[in-house]
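Visitor: Sequence and predicted structure below; questions after.
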Amino acid sequence: MTQAARKLVQEHLAHGHQHLSADDEALKARIKQLLIDKNAVLVAHYYTDPVIQALAEETGGCVSDSLEMARFGRDHDAETLIVAGVKFMGETAKILTPHKKVLMPTLEATCSLDIGCPAEEFAEFCAQHPDREVVVYANTSAAVKAKADWVVTSSIALKVVEHLSDQGKKVIWAPDKHLGSYVQKETGADVLLWDSACIVHEEFKAKGILDLKHVYPDAAVLVHPESPESVVELADHVGSTSQIIQAAKDLDNEQFIVATDQGIFYKMQQEVPTKELIIAPTAGSGATCRSCANCPWMAMNALDNLADALENDLNEIHVDPALGEQAMRPLQRMLDFAKANL
Ligand code: SF4
């Protein structure tokens, strides 16, 4: 890529300037007005379309990882939260703030980790290992969270499992096997893994990254731990979305090969406007995901369904209050732990 082309890409990513059509500009204006009229705030994940992330920023909402999204939604004054992300994020927002209305642009946006961990099967698995502390990743349904002792996000998983291991506790980890085995390896804890994976991160391939390193020998490799072990082993830094963005700021490298959903480039490029971000290669034509390095469920969040949801109170998230209370306990435990330890 020429320097001029790179600059254009960087500007595009850094500012969410998508050369929007007149229709999309009109939709943005409509959403801005609806947010005011409905006393609502937009909470968006790093993996959503840059246009939505930019809109969240322009309207005083938030763009972040799932832990910060949950905290922001809980602490904000708005009566309605519109959560642009995937369904478990809307559920988490509802669990933390049951008195608020939580809407989503679509209820179809799910997650392969959530799908891969059905609550009843998981309950049976836990019942077979009653001596273990149950730690579940945030990417799970409210029903699975309700069965857990702890809910964790990727930004806090290592610290929580280390803490449990120090107390001599054995752990059940669900649902992401790659993140679980990374946590197991880093902490040395006794961890029993559930077998599920993220269809986006699973497609990153070590060989592709090694090939790319020949082209960009000075680039640092930043990897989300939902990636396979062979990819994690090549990383200069392994971390959650927020930690990857921080690493791009902290490291002196001018180029980064990034193994996570490329939606993250929007916020990353804002933080490091002069640095070059390169998406890590996936399996290409052999890939099982149809939009590699771009979560197909996150991509379902768009301006039109966001506007419709807000205008007509569509796609409201409901969590059974009793279930919500049960799921709240392990979530609150994580938030308290994060407050004391991060
Ligand atoms: S990127 Fe992976 S973990 Fe994240 S929502 Fe999509 S499928 Fe789930």
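Guide: Yep, that arrived. Numbering: from 1, shown residues only.
Visitor: Tell me the helices and strands packed up against the helix or strand containing Glu120.
Guide: Here Glu120 is covered by helix 119-127, with elements defined by DSSP states H and E. With contacts taken as 3 or more CB pairs under 8 Å, 6 or more residues apart in numbering; DSSP states H and E, helix 119-127 sits against helix 142-145, strand 170-174. From N, CA and C alone the C-beta is placed, and that goes for glycine too.
Visitor: helices and strands around whatever helix or strand comes next after the longest one, which ones?
Guide: On the C-terminal side of strand 170-174, the nearest following helix or strand under DSSP H and E is helix 177-187. With contacts defined as 3+ CB pairs under 8 Å, 6+ apart, the packing partners of helix 177-187 are helix 157-166, strand 170-174, strand 191-193, helix 229-232.
Visitor: Tell me which of the ones you listed is the most buried.
Guide: Across the helices and strands packed on helix 177-187, averaging neighbours per residue (mean count of other CB atoms under 10 Å) puts strand 170-174 on top, at a mean of 22.
Visitor: what's it packed up against?
Guide: Judged by 3+ CB pairs under 8 Å, 6+ apart, the packing partners of strand 170-174 are helix 119-127, strand 132-137, helix 157-166, helix 177-187, strand 191-193.
Visitor: want to try a markdown table for these, with mean pLDDT as columns?
Guide: As requested, the helices and strands packed on strand 170-174 are arranged in a markdown table below (pLDDT from 0 to 100):
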| stretch | mean pLDDT |
| --- | --- |
| helix 119-127 | 98 |
| strand 132-137 | 97 |
| helix 157-166 | 96 |
| helix 177-187 | 97 |
| strand 191-193 | 98 |
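Visitor: Checking my notes, Leu42 in a helix, right?
Guide: No - counting by DSSP: H, G, I helix; E, B strand; the rest coil, Leu42 falls outside a helix, being strand.
Visitor: what about it, neighbour count?
Guide: Taking other CB atoms under 10 Å as the neighbour definition, Leu42 ends up with a count of 27.
Visitor: separation between it and Val135?
Guide: With the distance defined as CB to CB, to the nearest Å, Leu42 ends up 30 Å from Val135.
Visitor: cool, and Val41?
Guide: When CB to CB is applied, the distance between Val41 and Val135 equals 30 Å.
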